[in-house]
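**Student:** predicted structure and sequence below. I'll ask about it afterward.
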Amino acid sequence: MFDRITASLQKVFRNLRGFGKLSESNIKEALREIRLALLEADVNFEVVRDFISRVKEKCLGVEVMESVTPGQQVVKHVHDEMVTLLGGQHREFDLSKRPAAILLLGLNGAGKTTTSGKLALRWKKEGKRVLLVACDLRRPAAVDQLRILAKQVGVEAVAPMPGDDLRAVATKAIHRADEVSADIVLFDTDGRFQVDAELVQELKELKAVVNPSNTVLVLDAAAGQEAVHVAETFHKEIGLTGLILTKLDGDARGGAALSVQAVTHCPILLVGMGERPEDLEPFYPDRMASRILGMGDVVSLVEKAREAIDDREMEQMQRKLMEDRFTLEDFLTQIQQVRKLGPVENLLEMLPGLGNVPAHAREGLLGLSEKDFGKTEAIIRSMTVQERRNPDVMDGRRRLRIAKGSGTDVRDVNELLKNFAQARKMAAQFRKAQKRLIRLGK
């Protein structure tokens with residue numbers, strides 16, 4: 001989502017680093033370019049004005065003007081103010097009460113019901129007992145959708161009976177939470193295509209019954225300044241404790257993400273980065289600022305890897321590789337582990353130096369893509385067990401069969417086998433070098 005603004009800011013920073021010493025005119029020109037980049041990204045005009053004013057005040061100080069690395073000092077101040085713009089520090093849901101009631105609000109199409117399922121899965125993994133409550137009585141199939149999501153993530157759903165109104169559903173959910181000793185009760189509420197008086201009144205009445213610890217608005221980050229207006233209205237009429245931004249993996253300009261916290265003063269709690277149930281990430285202003293400025297986010301990448309990859313399985317893989325027992329079956333397992341981390345493009349965005357590379361070029365730069373992973377997986381799955389464990393048995397006839405079975409070309413099969421053989425050869429060379437070092441050590 002931030003590709004365009006990242007590229008623009010990186011260009012400004014490169015120009016600044018080219019100066020041995022900065023003048024007031026250099027800094028003002030750089031700030032003008034930063035202002036244009038933010039406005040082109042659809043960031044709120046007043047937010048941009050205040051942001052540039054704060055950065056300008058810092059950049060024209062003695063610390064920058066007399067620094068031996070003035071360009072880097074400017075980058076630091078832009079980063080610090082970007083962190084402030086995004087909320088300053090990471091915030092969590094208030095789960096101190098038991099059960100903690102969470103009212104999830106949002107317009108139609110923002111991803112509110114899907115986010116309910118993602119939240120339920122997230123908290124279930126943390127060992128909490130979650131109830132999903134269907135309070136969207138207007139949208140066709142909304143109740144059925146929530147039931148399906150609840151079943152997929154393995155939590156209980158409380159749904160309305162014929163003739164139930166919102167008060168009846170909420171009361172039933174509160175009683176059920178007491179019966180099952182629930183930790184969290186998540187209310188998926190009604191939505192509209194725009195905020196109107198009827199919706200506001202319904203939500204106010206529901207809030208009075210539920211008395212939630214958290215009233216959270218789900219916003220479509222691709223909606224631009226309209227999303228900011230929606231957040232302002234909900235906060236003014238109902239009162240919000242936090243925000244969740246969805247579709248942050250899209251190709252919109254990103255202005256909503258950079259404006260909404262500054263305008264509403266409500267913290268962004270989580271961001272949706274994809275369609276999978278696991279694609280809901282905690283929002284850290286400092287990490288997001290680093291990604292926007294093209295500095296990467298290695299900490300989040302490591303955390304995702306720890307969550308998705310089994311340490312014991314990875315150690316076993318490494319041992320097999322070092323003992324020359326690594327097979328294509330093991331390679332397939334490794335690919336599946338990596339794919340658990342999410343879309344490759346999102347992962348590459350977290351690597352320092354790749355933030356300013358256009359999205360369409362990142363995957364090709366490192367020879368990685370979802371398409372390549374899918375092709376490799378299809379090829380290996382089209383092999384017999386014997387072929388996976390002993391690739392040397394594969395002749396031309398077998399390779400042709402595998403290519404047809406996986407919907408690929410023979411050259412794709414050959415390329416995979418060639419790369420696998422090179423990897424094993426490199427591992428063998430490493431083993432020899434390791435043995436020589438051990439002998440020298442003795």
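**Tutor:** On my side now, so go ahead.
**Student:** just checking, what packs against the host helix or strand of residue 231?
**Tutor:** Following DSSP states H and E, the helix or strand that holds residue 231 is helix 225-237. If contacts are counted by 3 or more C-beta pairs under 8 Å, 6 or more residues apart in numbering; DSSP states H and E, helix 225-237 sits against strand 214-220, helix 255-264. Placement of C-beta: from N, CA and C, glycine included.
**Student:** going by neighbour count, list what's buried in that helix.
**Tutor:** Going by neighbour count (16 or more other C-beta atoms under 10 Å), the buried part of helix 225-237 is 225, 227, 228, 229, 230, 231, 232, 233, 234, 235.
**Student:** ok, stretch 275-289 next?
**Tutor:** For stretch 275-289, a neighbour-count test (16+ other C-beta under 10 Å) marks 277, 278, 279, 280, 281, 283, 284, 285, 286, 287, 288, 289 as buried.
**Student:** and that stretch, how far out from the chain's middle?
**Tutor:** 4 Å (C-alpha atoms, centre = their mean, to the nearest Å).
**Student:** residues making contact with it?
**Tutor:** Applying C-beta atoms under 8 Å, 6 or more residues apart in numbering, the contact partners of stretch 275-289 are 79, 82-92, 114-115, 117-119, 121-122, 152-153, 244-245, 249, 257, 267-273, 297, 299-300, 308, 340, 342.
**Student:** from start to finish, how long is that stretch in a straight line?
**Tutor:** Start-to-end span of stretch 275-289 (C-alpha to C-alpha, to the nearest Å) is 23 Å.
**Student:** OK, contacts around residue 111?
**Tutor:** Residues in contact with residue 111, defined by C-beta under 8 Å, 6+ apart, are 218, 220, 246, 247, 272.
**Student:** count of neighbours near the first one?
**Tutor:** It stands for residue 218. 25 (other C-beta atoms under 10 Å).
**Student:** from residue 279, how far out is the most centrally placed residue in the chain?
**Tutor:** Residue closest to the mean C-alpha point of the chain, counted by C-alpha atoms, centre = their mean, is residue 273 at 3.6 Å. For residue 273, the distance to residue 279 equals 5 Å [C-beta to C-beta, to the nearest Å].
**Student:** residues in contact with residue 420?
**Tutor:** Taking C-beta under 8 Å, 6+ apart, one finds 328, 331, 391 in contact with residue 420.
**Student:** going by distance to residue 134, which of the residues you listed wins?
**Tutor:** When the contacts of residue 420 are compared for distance to residue 134 (C-beta to C-beta), residue 331 wins out at 43.7 Å.
**Student:** using the three-state scheme, assign that closest one.
**Tutor:** Here residue 331 is recorded as helix under DSSP: H, G, I helix; E, B strand; the rest coil.
**Student:** shaky segments in the chain?
**Tutor:** By pLDDT under 70, the weakly predicted segments of the chain are 1-2, 17-22, 61-71, 250-254, 295-315, 317-318, 320-324, 338-370, 427-428, 430-442.
**Student:** can you map out the strands along it?
**Tutor:** In the chain, the strands defined using DSSP state E lie at 100-105, 130-135, 156-158, 184-189, 214-220, 242-246, 268-272, 280-282.
**Student:** could you dump these to a markdown table with distance to residue 177?
**Tutor:** Shown next, in a markdown table, are the strands of the chain (distance: least, C-beta to C-beta, whole Å):
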| stretch | distance to residue 177 |
| --- | --- |
| strand 100-105 | 8 |
| strand 130-135 | 6 |
| strand 156-158 | 9 |
| strand 184-189 | 5 |
| strand 214-220 | 15 |
| strand 242-246 | 21 |
| strand 268-272 | 22 |
| strand 280-282 | 22 |
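**Student:** among these, which is nearest residue 27?
**Tutor:** Set against residue 27 and scored by C-beta to C-beta, the strands of the chain come closest in strand 268-272, at 29.7 Å.
**Student:** show me what that closest one packs onto, helices and strands only.
**Tutor:** Where contact means 3+ C-beta pairs under 8 Å, 6+ apart, strand 268-272 is packed against helix 112-125, strand 242-246, helix 255-264, strand 280-282.
**Student:** which elements pack onto the first one?
**Tutor:** Applying 3+ C-beta pairs under 8 Å, 6+ apart, one finds that helix 112-125 contacts strand 100-105, strand 130-135, helix 142-153, strand 184-189, strand 242-246, strand 268-272, strand 280-282.
**Student:** could I get those in JSON lines, plus columns for distance to residue 164?
**Tutor:** JSON lines is the format used below for the helices and strands packed on helix 112-125 (distance: least, C-beta to C-beta, whole Å):
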{"stretch": "strand 100-105", "distance to residue 164": "18"}
{"stretch": "strand 130-135", "distance to residue 164": "10"}
{"stretch": "helix 142-153", "distance to residue 164": "10"}
{"stretch": "strand 184-189", "distance to residue 164": "14"}
{"stretch": "strand 242-246", "distance to residue 164": "27"}
{"stretch": "strand 268-272", "distance to residue 164": "30"}
{"stretch": "strand 280-282", "distance to residue 164": "29"}
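**Student:** between the contacts of residue 111, which has the most around it?
**Tutor:** Neighbour tally across the contacts of residue 111 (other C-beta under 10 Å): the maximum, 28 neighbours, falls on residue 246.
**Student:** re earlier: any of the contacts of stretch 275-289 buried? List them.
**Tutor:** Neighbour-count burial (16+ other C-beta under 10 Å) applied to the contacts of stretch 275-289 gives 79, 82-87, 91, 114-115, 117-119, 121-122, 153, 244-245, 249, 257, 267-273, 297, 300, 342.
**Student:** follow-up on the earlier one: touching, the residue nearest to the centre of the chain and residue 249? I think so.
**Tutor:** Yes. Using C-beta atoms under 8 Å, residue 273 is in contact with residue 249, at 4.8 Å.
**Student:** how is this protein partitioned into domains?
**Tutor:** Per the record, the chain has its domains at 3-85, 100-295, 303-441, by automatic domain parsing.
**Student:** most tightly surrounded among those domains?
**Tutor:** domain 100-295 (a mean of 20; mean count of other C-beta atoms under 10 Å).
**Student:** gap between that domain and the chain center?
**Tutor:** Offset of domain 100-295 from its chain centre (C-alpha atoms, centre = their mean): 16 Å.
**Student:** distance of residue 165 relative to residue 209?
**Tutor:** Separation of residue 165 from residue 209 (C-beta to C-beta) stands at 11 Å.
**Student:** one more: residue 220?
**Tutor:** 27 Å.
**Student:** could you do residue 245 as well?
**Tutor:** Applying C-beta to C-beta, the value for residue 245 to residue 209 is 28 Å.
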